[in-house]
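Participant: Dropping a prediction and its sequence here:
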Amino acid sequence: MTDTNMTAMTRTAAAPAAKATLPPPVRFRFWAWLWGDKRALISLAYLSVLVLAAIFAPLIVPYAPNKQNLMDLLAPPSGAHWLGTDDLGRDTLSRLIYGSYNALYAASLAVGIGVAIGVPLGVFIGFVGGWIDQVGSRIIDGVLAFPPLVLAVAVTGALGIGLTNAMIAVGFAFAPVLARTMRAQTLVVKNALYVEAAVGFGASRLHLILRHILPNAIQPVIVEVTLMLAVALLAEAGLSFLSLGVQPPESSWGGMLARAYHYVEVAPEQMYAPGFAILFTALAFNTLGESIRVLLDPTIKRR
Amino acid sequence: MMYGVPGMVAQRLMQLVPVMIVATFVVFSLVYMMPGDPAMMIAGDYATAERIAEIRQFYGFDRPMLVQYFFWLGNAVQGDLGHSLFSNESVLRLILSRLPHTVLLVLYALVLGAALGVPLGILAATRQGTTLDKIITSVASLGVAVPNFWLGIILVTLFSLGYRWFPATGAVSVFEKPLEALYYATLPAVALSTGVVAVLARQVRSALLEVLGSQYIRTLRAKGLGSGAILWKHGLRNVAATMLTIAGLQVNRLFSSAVIIEAVFAIPGVGNLISYSALNKDFPVVQGVALVLVLVVILTNLLVDVLNATFDPRVAAST
């Protein structure tokens, strides 16, 4: 625990000090960075297409996602149904596109809740210190000890089954991870010279936290949040596979896999599309997260 | 004041007390997350008045929350985790009969992950920048992103339904027929292990690169020591602690993924038990599984710390 804090300290403590002696920072050129990092470019392009598909799903789907055609069950891919149909004769491509909405909504909700609880908590206990920090850190350790999905299943069971509750549960499991990072960063930043200077000028605590500590401590959290979107996406797929998440007839990638698994001997091709959708999306979030990590901290090389 | 490994263990145990209190309190407070009267919610729609009264008494809902917590904790410490609302079986007995399946699966996946991940990490580090290194790091990225349960389905389709090499579903008790139990657990363990392979390969690679680039390795090289001896005698020895720590942290993730993998392979472990019980609102069972698994994880972390301290005197000295 202390070892990791130490390394985090030495790495980030050097950055603000170096910044102070540099000329005014060069404006960050988003497009130049994106063009220079092809992996980030591909990931972002893929995710943009996915977001657009999710938003405009009703306009682009070839069939209504819940329209059953009992004459055409578990059909293989064809001109009429590009990805075939499921066991109720519903168009797989249409359900896949509608599923992207639930996947992205779920991932954003879970990570959003994690940020909303974890970031303020981490900053608060790191800033105040003393026994509040002690108690807060123990609470973080205690919640972190749970296998995340076990906690999520238990909390979903308590709150009631359904996508929103399941993602609240996943967000609850994310919160201590973010709180721990934010606390460690706050401890580093609050001793920086510019914070002392702001205190000298009579800045209020709220001003200190919002204007000085938060912006300078948030960088590792941005990376963590991007990587967490992938974890949340996988969690949504898993919970929906267990029927704890998205409820039928609404479509989700995990739920589609659960149905496809029932008929895997009859129509094995039905399980590929949702699986690859989950894999590619998780891969895109992970790749983007690694790229942002390299962007924010040029001293580390891409792994 | 004690020093060395026993002293470290004593100190860790002290640190565990607050973590245990928080973890048990989280499990306990799950009942308060339920909308409405928790006793009625737990009892379900068709419960009799006596049943509701029984549940109210078990949790002590008529008393202040903190009193209830200690009441519940007291019962839990004595092994009384309540009874399943469906089978009326003792929750503890239910969990203990199913835990071996899950533990076998997690250990098997951990061993598989280490057996594959560590050599891959070493290969990538010693051939840094080559095509092989790039392939290994790319495969590692896939390993973190692939949904385990989907991989499980694919493995079933290929090796059970296709080639019929492995049974598609089910499990055998490891105490009765150990070899057959391993055979049944092979496909699920493979599906479960991808994350471990990926994370270990990455971490071993970066840790080894750091060690191999350090001053004393350069000195050894200058003294004429062969690269094989450097890698095996000096490089890996310094990476061992990292490997052990990373592997220990993976246990937490493995129990997470096992919840879904057990559903795919119809393994009667605690993962299947908790998701089934959550679906059916069998709340004492949900709480029991969460409690037992969090304890297993906490004790695993303790074990990793102790092993690290045993192998590396510096760890014990630094606490």
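Facilitator: Now that the structure is in, tell me what you want to look at.
Participant: And for A:S240, the neighbour number?
Facilitator: Look at A:S240: counted by other CB atoms under 10 Å in any protein chain shown, it has 28 neighbours. For every residue, glycine as well, the C-beta is placed using N, CA and C.
Participant: gap between it and chain B?
Facilitator: 10 Å (CB to the nearest CB, to the nearest Å).
Participant: Now that residue: closest residue in space that isn't a chain neighbour?
Facilitator: A:G254 (3.4 Å; CB to CB, 6 or more residues apart in numbering or on different chains).
Participant: The helix or strand harbouring that neighbour - contacts with which helices or strands?
Facilitator: According to DSSP states H and E, A:G254 maps onto helix A:253-262. Under the contact definition 3 or more CB pairs under 8 Å, 6 or more residues apart in numbering or on different chains; DSSP states H and E, helix A:253-262 sits against helix A:92-128, helix A:219-241, helix A:272-296, helix B:148-155.
Participant: on that earlier part again, need the contact list for the residue nearest to A:S240.
Facilitator: By CB atoms under 8 Å, 6 or more residues apart in numbering or on different chains, the contact list for A:G254 reads A:236-241, A:245-246, A:274, A:278, B:147.
Participant: tell me which of those residues is nearest to B:A263?
Facilitator: Distances from B:A263 to those, taken as CB to CB, are shortest for A:F241 (7.1 Å).
Participant: which residues touch that closest one?
Facilitator: Taking CB under 8 Å, 6+ apart, one finds A:254-255, A:257-258, B:149, B:260, B:263 in contact with A:F241.
Participant: Give the next helix or strand downstream of the worst-scoring helix or strand of chain A on mean pLDDT.
Facilitator: Ranked by mean pLDDT, DSSP states H and E, the weakest helix or strand in chain A is helix A:2-21, scoring a mean of 45. For helix A:2-21, the following helix or strand on the C-terminal side (DSSP H and E) is helix A:30-36.
Participant: going on from that following helix, what's the next piece of helix or strand?
Facilitator: Following helix A:30-36 toward the C-terminus (DSSP H and E): helix A:38-55.
Participant: So what touches that next one?
Facilitator: Under CB under 8 Å, 6+ apart, the answer for helix A:38-55 is A:33-35, A:60, A:97, A:100-101, A:103-105, A:280-281, A:283-285, A:287-288, A:290-292.
Participant: Quick check: chain neighbours aside, which residue is closest to the residue of chain A found nearest chain B?
Facilitator: In chain A, the residue that lies nearest chain B is A:G142 (2.4 Å; CB to the nearest CB). Excluding the flanking residues, the one nearest A:G142 by CB to CB, 6+ apart is B:V22, at 2.4 Å.
Participant: To what extent is that neighbour buried, counted in neighbours?
Facilitator: Neighbours of B:V22 (other CB under 10 Å): 21.
Participant: which residues does it contact?
Facilitator: Counted by CB under 8 Å, 6+ apart, B:V22 has contacts A:138-139, A:141-143.
Participant: which of those residues are buried?
Facilitator: Buried residues within the contacts of B:V22, counting neighbours by 16 or more other CB atoms under 10 Å in any protein chain shown: A:138-139, A:141-143.
Participant: Quick check: the farthest pair among those residues?
Facilitator: A:R138 and A:V143, at 10.0 Å, using CB to CB across the buried ones among the contacts of B:V22.
Participant: all helices for the stretch 51-200 of chain B, in order.
Facilitator: B:65-77, B:91-126, B:131-145, B:148-155, B:178-212 (DSSP state H, counting those that start in this stretch).
Participant: How about the residues of the stretch 1-150 of chain A by chain B?
Facilitator: A:138-139, A:141-143, A:145-150 (CB under 8 Å from any CB of the partner chain).
Participant: didn't A:M271 look like it was pressed against B:V156?
Facilitator: No: using CB atoms under 8 Å as the test, A:M271 is too far from B:V156 to be in contact (10.0 Å).
Participant: what touches both of these two?
Facilitator: Joint contacts of A:M271 and B:V156 (CB under 8 Å, 6+ apart) are A:V264.
Participant: For the residue of the stretch 151-300 of chain B at minimum distance from chain A, which residues are in contact?
Facilitator: Of all residues in the stretch 151-300 of chain B, B:A278 sits closest to chain A, at 3.1 Å by CB to the nearest CB. Taking CB under 8 Å, 6+ apart as the criterion, B:A278 is in contact with A:153-154, A:156-157, A:161, A:244, B:286.
Participant: State the distance from the residue nearest the centre of chain B to A:V143.
Facilitator: The structure's chain B has its C-alpha centroid closest to B:V251; by CA atoms, centre = their mean the separation is 2.9 Å. Counting by CB to CB, to the nearest Å, the gap from B:V251 to A:V143 is 17 Å.
Participant: Which pLDDT value belongs to whichever residue of chain B sits closest to chain A?
Facilitator: As assessed by CB to the nearest CB, chain A sits closest to B:V22 within chain B, at 2.4 Å. B:V22 carries a pLDDT value of 93.
Participant: mind checking the SS state of it?
Facilitator: helix (DSSP: H, G, I helix; E, B strand; the rest coil).
Participant: tell me, what residue is most central in chain A?
Facilitator: A:L229 (1.6 Å).
Participant: Report whether the expected contact of that residue with A:S108 is present.
Facilitator: Yes: if you go by CB under 8 Å, A:L229 and A:S108 touch, sitting 7.5 Å apart.
Participant: pLDDT added to the contacts of B:V22, as JSON lines?
Facilitator: Shown next, in JSON lines, are the contacts of B:V22 (pLDDT from 0 to 100):
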{"residue": "A:R138", "pLDDT": "92"}
{"residue": "A:I139", "pLDDT": "93"}
{"residue": "A:D141", "pLDDT": "92"}
{"residue": "A:G142", "pLDDT": "93"}
{"residue": "A:V143", "pLDDT": "94"}
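Participant: Make a markdown table out of these and add secondary structure and distance to A:F172.
Facilitator: Putting these into a markdown table (DSSP: H, G, I helix; E, B strand; the rest coil; distance: CB to CB, whole Å) gives the following:
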| residue | secondary structure | distance to A:F172 |
| --- | --- | --- |
| A:R138 | helix | 17 |
| A:I139 | helix | 12 |
| A:D141 | helix | 15 |
| A:G142 | helix | 13 |
| A:V143 | helix | 8 |
